[in-house]
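*Asks:* model the structure of this input:
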Amino acid sequence: MNLRTTQTNIGCKRKKNINRHSRTSKNFSIISLLKIVIPVFIIFLLAVTMNVFNSETEQLNRRTVTLQTEINKLDRDIANFNIKCEKLKGRFIYKQVAYFNLKLHSPEPGQVRKLKIRRARKASPGTQKTPHLLISQR
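*Replies:* Numbers count the residues shown, from 1 in each chain. Below is the predicted model:
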């Protein structure tokens, strides 16, 4: 005789047939994709912003170098123009001296005197006077 035995549900509750493989694979792929994509995207954005800032910084550095060279060139031009101006003023004076037959010449060593001014001693702030200098030519 053959007896067949089967499981019977005594509590009358039906067990759900869970297909774990299909559910977890869908959830796992979306969540794991988001966990990977979001940090990669943030790193990509950081790299792009760093690149933009570095390029702007280099452009500003190049611009400052060109402006500095231009400023140096203009300073040299100003110095050259000042020298030319002094030369032209001197020529004008020499022409006027020659035109009016003035007998101007450089002073002799005995004609030039150097004056030394002694500083006044420190006094109270209300009584301090500035020294006066009197120069006469004979």
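
*Asks:* okay, now the unreliable bits of the chain?
*Replies:* 1-28, 121-138 (pLDDT under 70).

*Asks:* rerun that using 90 as the cut-off
*Replies:* For the chain, the stretches flagged by pLDDT under 90 are 1-36, 82-138.

*Asks:* and Pro107, how far from Ser29?
*Replies:* Per CB to CB, to the nearest Å, Pro107 is found 102 Å from Ser29. From N, CA and C alone the C-beta is placed, and that goes for glycine too.

*Asks:* with neighbour numbers in mind, choose between these two.
*Replies:* Ser29 (10 against 7; other CB atoms under 10 Å).

*Asks:* which SSE is the more buried one in?
*Replies:* helix 20-99 (DSSP states H and E).

*Asks:* Asn72: what's it in contact with?
*Replies:* By CB atoms under 8 Å, 6 or more residues apart in numbering, no residues touch Asn72.

*Asks:* can you tell me how far it sits from Val65?
*Replies:* Taking CB to CB as the measure, Asn72 falls 11 Å from Val65.

*Asks:* Val40 now?
*Replies:* For Val40, the distance to Val65 - CB to CB - is 38 Å.

*Asks:* and what of Arg76?
*Replies:* Distance, Arg76 to Val65, using CB to CB: 17 Å.

*Asks:* same question, Asn51
*Replies:* On the measure of CB to CB, Asn51 and Val65 end up 21 Å apart.

*Asks:* again with Met50
*Replies:* In terms of CB to CB, Met50 sits 23 Å off from Val65.

*Asks:* next one: Asn54
*Replies:* 17 Å.

*Asks:* ditto for Glu56
*Replies:* Distance, Glu56 to Val65, by CB to CB: 15 Å.

*Asks:* and Phe44, by the same measure?
*Replies:* Distance from Phe44 to Val65, by CB to CB: 32 Å.

*Asks:* and Leu102, which of the three is it?
*Replies:* Secondary structure state of Leu102, per DSSP: H, G, I helix; E, B strand; the rest coil, is coil.

*Asks:* can you pull the contacts of it?
*Replies:* Gln96.
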